[in-house]
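A.B. asks: Sequence plus the predicted model coming up.
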Amino acid sequence: MEHLRGGGMHTYLDEQGCMTKAGARGCFRRLLLALQHCHQRGTVLRDLTLSSVLLDENQKVKSLDFGLSNEYNPREKLDTFCGTAACTSPELVLGRSYMGPPVDVWSLDVVL
């Protein structure tokens with residue numbers, strides 16, 4: 001297994017203060033591609049946060065934490081309620097059933 005020297009994005013931002021506009025754009029693009037890949041294979045993350053995004057030594061997104069991920073059927077709603085409060089979508093806060101990908105997109109927007 002590869003060692004990710006960049007650590008989590010949250011740690012990186014705590015230490016560095018911020019990313020350049022180009023760096024943030026690149027990270028966000030990679031997050032979008034990773035999320036698309038997961039959704040195409042029937043997986044939702046449900047807890048995408050700065051801490052769950054792992055970086056390599058060049059501050060490139062290398063991995064995501066799948067600790068609270070779940071398989072989903074695109075025709076069915078999920079009802080498992082979990083996640084980090086700061087990135088939780090309104091459906092989860094209100095305790096409603098939800099479609100998986102939109103919840104991930106909400107969290108992705110918060111990360112941006």
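C.D. replies: It's in.
A.B. asks: only C-alpha atoms for contact and neighbour calcs from this point on.
C.D. replies: Noted.
A.B. asks: And for this protein, the residue most distant from the center?
C.D. replies: Arg75 (22.0 Å; Cα atoms, centre = their mean).
A.B. asks: remind me which residues of the protein are low pLDDT?
C.D. replies: Filtered on pLDDT under 70, the chain yields the residue ranges 1-6.
A.B. asks: for it, longest helix please?
C.D. replies: helix 21-40 (DSSP state H).
A.B. asks: quick check, the residue farthest from the centre of the chain in a strand?
C.D. replies: No: with DSSP: H, G, I helix; E, B strand; the rest coil as the criterion, Arg75 is assigned coil and is not in a strand.
A.B. asks: give me phi/psi at it?
C.D. replies: phi -100, psi 0 (degrees, to the nearest 10).
A.B. asks: Look up how far Leu48 lies from it.
C.D. replies: 22 Å (Cα to Cα, to the nearest Å).
A.B. asks: just His37 next, same as before
C.D. replies: From His37 to Leu48 the distance is 14 Å (Cα to Cα).
A.B. asks: quick one: which of these two has more around it?
C.D. replies: More neighbours surround Leu48 than the other of His37 and Leu48, with 29 against 12 (other Cα atoms under 10 Å).
A.B. asks: now the strands: where do they sit in the protein?
C.D. replies: 7-8, 43-44, 53-55, 61-64, 70-71 (DSSP state E).
A.B. asks: For these, give me a markdown table that also has mean neighbour count and distance to Asp104.
C.D. replies: Output for the strands of the chain, formatted as a markdown table (neighbours: other Cα atoms under 10 Å; distance: least, Cα to Cα, whole Å):
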| stretch | mean neighbour count | distance to Asp104 |
| --- | --- | --- |
| strand 7-8 | 21 | 18 |
| strand 43-44 | 22 | 7 |
| strand 53-55 | 22 | 13 |
| strand 61-64 | 20 | 12 |
| strand 70-71 | 14 | 11 |
